[in-house]
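> Below is the sequence, then the predicted model.
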Amino acid sequence: MIEIRNIEKHFYENHVLKDMSFSFQKGKTNLIIGESGSGKTTLLKIMIGLYASDSGSVFFDGVNFNQLKNKDQRILRQEIGMLFQGGALYDYMTVEENIMFPLTMFTDKSEEEKLERVNFCLQRVNLENKNQLMPAELSGGMTKRVAIARAISMQPKYLLCDEPNSGLDPKTAILIDDLIQEITEEYNITTVVNTHDMNSVMQIGDNIAFINDGRIWWTGNKEELINSDNKELNEFVFASKLFKRLKR
Amino acid sequence: MIKLLHHLGQYCIMMYRVISKPKKWSVFQKQLLLELEKIGLNSIGLVVIISFFVGGVVSIQTAFNMSNPFLPSYLVGLASRDSLILEFSPTMISLILAGKVGSSIASEIGTMRVTEQIDALEIMGVNSASYLIFPKIIASIFFFPILVILSMGIGMIGAWVGALSAGITTIEFLSGLKYDFNSFYVTYAIIKTIFFAFIVSSVSAYFGFYTKGGAIAVGKASTQAVVSSSILILICNYILTDLILS
């Protein structure tokens, strides 16, 4: 479980996050939803220590991340898999080298064992035999899937995804959503997904936090979200005609 | 002034992270070999071409300015040798490498920053500064002196060709090359080059590492890296020359 307590963040005069507290449940796909620029990515980056919060704490299974020394933070980060918005694959490495990289850095596995794990991860994201491709040769969906394969290569306890299906066609987006949910349930990990894609919310939203005006405005699951009468939430979720019909 | 102090502080913080024991020596060695190829081997062609022609021009200009018949012809070789060893090879080649290698380092690291590849390294628990920058600094410190020595040799060949075209015989030119040779000049050039290599690699990496924004920011970081490295090389050149030769 990941828990955030009283997180505050300013960027100069801009008060981005205001007293945010929330628990991201283990074995569930936890979603952070909100408009673009609402602070979702900032919150995610604070959770993993890429940004420092002005105040507040982040707990990983009871361990206060903010109070750890740099060295211990690095050790804890080895248990976190992160899927970035653009994939963030190392463009000078092949697909195989990208997935193998954390295994090379942090394990003493032999080349055969590492290759076996790489092939397993690629199979898990339906990209068998793509080992030798370079990131520049991959489509958007394939890039995201390789990034997921890299994120799970170390068998993480926590998986954080920043806009996993932004820029993807609806079919590929559903594929990525399903993959994230399957991995979460299969390995019983704590998954946090930042998204503003309502299809994702309806598809995988086990535990949802809606950010508005820098605060956690509403929390619940996808069924509660459909039936909620929260004005701001409804304005955000049911902005399109299609979703308005769903509400009726 | 505050901005300068800010950069200095950030540079020191970065260097504190850079100079640390690599997590895995095998990974470090692999990175180092890649950097030796990128920074060193890939610069040989440029160094050879520039050194040959500049060497030739130096000797032709020296010969052209020696209109006094009382000045011996071998002075062309002597002047070319000293110009190349003392200033052209260490300083000018380092300035040229600041343009080629420095911009390459800054844009490579800057692109990794804006495409979140550095964040991905950090999240994995990798010391990104050390992993990315340390091999570049070591490769530069190792290879810049080799390039400078190569430049001296090729520059002298160019000077010889230039001298021939200016009517100086090979024997006269070679006697000038050998005349009153002080091997400490080469040591002095290598000492300077090691400092310049450190400046080019670390300052360029600094501008790349702290890039914020997108493609324009990467271009800006690359320009800042070249300008700052060049200025620092010139300042360092003055200080080292004053310290070592005076």
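Yep, that arrived.
> quick one, phi/psi of A:Tyr12?
The phi/psi pair for A:Tyr12 (degrees, to the nearest 10) reads phi 50, psi -120.
> Which pLDDT value goes with it?
pLDDT for A:Tyr12: 88.
> Tell me the residues of chain B that contact chain A?
B:23-24, B:26-27, B:112, B:115-117, B:119-120, B:122-127 (C-beta under 8 Å from any C-beta of the partner chain). Any C-beta I mention is one placed from the backbone N, CA and C, and that applies to glycine too.
> pLDDT on stretch B:110-124, on average?
Averaged across stretch B:110-124, the pLDDT comes to 93.
> And the contacts of that stretch?
A:45, A:48-50, A:77-78, A:80, A:82, A:84-86, A:88-91, A:101-102, A:105-106, A:154, B:109, B:128, B:131-132, B:207-215, B:217-218, B:221-222 (C-beta atoms under 8 Å, 6 or more residues apart in numbering or on different chains).
> Can you select the buried ones from the residues you listed in ChimeraX?
Buried residues among the contacts of stretch B:110-124 (16 or more other C-beta atoms under 10 Å in any protein chain shown), as a ChimeraX selection:
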select /A:45,48,49,50,77,78,80,82,84,85,86,88,89,90,101,102,105,106,154 /B:109,128,131,132,207,208,209,210,211,217,218,221,222
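> Sort out for me which of the contacts of stretch B:110-124 are in helices.
A:45, A:77, A:101-102, A:105-106, B:109, B:128, B:131-132, B:207-209, B:215, B:217-218, B:221-222 (DSSP state H).
> what's across from the residue nearest in space to the middle of chain A in the sheet?
Central residue of chain A (C-alpha atoms, centre = their mean): A:Cys161, 1.6 Å from the mean position. Note on A:Cys161: beta-bridge partners by DSSP bridges are A:Leu83, A:Val193.
> my guess is it contacts A:Ile189, does it?
No. Counting by C-beta atoms under 8 Å, A:Ile189 is not a contact partner of A:Cys161; they are 11.5 Å apart.
> And for B:Pro69, the neighbour number?
The number of residues packed near B:Pro69 is 7, by other C-beta atoms under 10 Å in any protein chain shown.
> how much space between it and chain A?
As judged by C-beta to the nearest C-beta, to the nearest Å, B:Pro69 and chain A stand 61 Å apart.
> To which secondary structure element type does that residue belong?
Secondary structure, DSSP: H, G, I helix; E, B strand; the rest coil: B:Pro69 is coil.
> Over to it: give its phi and psi.
With angles defined as degrees, to the nearest 10, B:Pro69 sits at phi -70, psi -20.
> before we move on, what about the one 5 residues further on?
The phi/psi pair for B:Tyr74 (degrees, to the nearest 10) reads phi -60, psi -10.
> Pull the contacting residues for A:Lys114.
A:Met100, A:Leu103, A:Thr104, A:Thr107.
> where's it, which helix or strand?
helix A:111-124 (DSSP states H and E).
> Could you report the distance from B:Gly162 to B:Ile96?
19 Å (C-beta to C-beta, to the nearest Å).
> Then B:Pro72?
In this structure, B:Pro72 and B:Ile96 are 32 Å apart, going by C-beta to C-beta.
> So which bits of chain A are right by chain B?
Listed as neighbours of chain B in chain A under the rule C-beta under 8 Å from any C-beta: A:45, A:48-50, A:74-78, A:80, A:82, A:84-86, A:88-91, A:101-102, A:104-106, A:154.
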